[in-house]
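Asker: Requesting a structural model of the entry that follows:
(one chain, ligands or ions: 3)
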Amino acid sequence: MKHTIEMMISAEEINRKLDELAARINAHYQHTDKLLMVGLLKGSVVFMADLCRRINGHVEIDFMSVSSYGSTMTSSRDVKILKDVQSDIAGRDVLIVEDLIDSGNTLNKVREMLRLRDPKSLALCTLLDKPDRREVDVPVDFVGFTIPDEFVVGYGIDYAEQYRNLPYIARVIPQE
Ligand SMILES: O=P(O)(O)OC[C@H]1O[C@H](OP(=O)(O)OP(=O)(O)O)[C@H](O)[C@@H]1O
Ligand code: HPA
Ligand SMILES: [Mg+2]
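Answerer: Ligands and ions are numbered 1, 2, ... in the order given. Got it, this is the predicted structure:
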């Protein structure tokens, strides 16, 4: 699809938000030993890299890979688990780290899957939230930016695998 992109959230704004989110997460987990941060590949990689370096104490990171979008702009609702976490999460404090919640299908599936493994606690952090697009309700504990119903790219987020390397978040504008 022919399109252009336009900056929506600058790298500086993202940095400020990361400081704010990390302060809230650090306060929430101040008495927790060995927090496990679980990122969803590939979109959360950049956010995870920047966020985990702001978290205090003993922190472990792990990744899952689930995919529902392929190269389209709509959720297939059929969320596939392509790679599971390596850690045993039973009895652990687990924070799922996601780049974006749109329909909620991805996080709903991942949350349910991890919950069945008896973590001590399970919370969710997302950099971006698009509540207008929600198809399933997912409780989110830490939200960076609430954004309108626009397709976004950058800072780890792709359109057909492009733009993950942008240091800022941009909206995709379809062209004739
Ligand atoms: O709330 P939802 O409607 O489920 O959409 C959000 C998910 O979609 C995107 O991932 P995608 O499946 O495209 O894979 P990617 O992270 O590898 O880009 C995004 O990174 C979220 O994980
Ligand atoms: O806005 C988006 N951008 C990229 N991937 C996505 N997956 C769900 N929503 C989006
Ligand atoms: Mg993703």
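Asker: partner residues bridging the closest residue to Pro139 other than its chain neighbours?
Answerer: In space, not counting the residues next to it along the chain, Pro139 is nearest to Leu124; the distance is 7.0 Å by C-beta to C-beta, 6 or more residues apart in numbering. The way it works is simple: take the backbone N, C-alpha and C, and place the C-beta from them, glycine included. Using DSSP bridges, the bridge partners assigned to Leu124 are Ile96.
Asker: Give the burial count for Leu124, as a bare number.
Answerer: In terms of burial, Leu124 registers 21 neighbours under the definition other C-beta atoms under 10 Å.
Asker: The worst-scoring helix or strand of the chain on mean pLDDT pairs with which strands, and in what direction?
Answerer: The weakest-scoring helix or strand in the chain, judged by mean pLDDT, DSSP states H and E, is strand 80-83 (a mean of 88). Each strand that pairs with strand 80-83, with its direction, by DSSP bridges: strand 59-67 (antiparallel).
Asker: The strand it pairs with near ligand 1 at all?
Answerer: Yes - among the residues of strand 59-67, Ser67 lie within reach of ligand 1 under C-beta under 6 Å from any ligand atom.
Asker: May I see the buried residues of that strand?
Answerer: For strand 59-67, a neighbour-count test (16 or more other C-beta atoms under 10 Å) marks 59, 61, 63-64, 66-67 as buried.
Asker: give me the residue from the protein nearest ligand 1.
Answerer: Gly43 (2.7 Å; C-beta to the nearest ligand atom).
Asker: low-confidence ranges in this structure?
Answerer: Under the criterion pLDDT under 70, the flagged ranges of the chain are 69-77.
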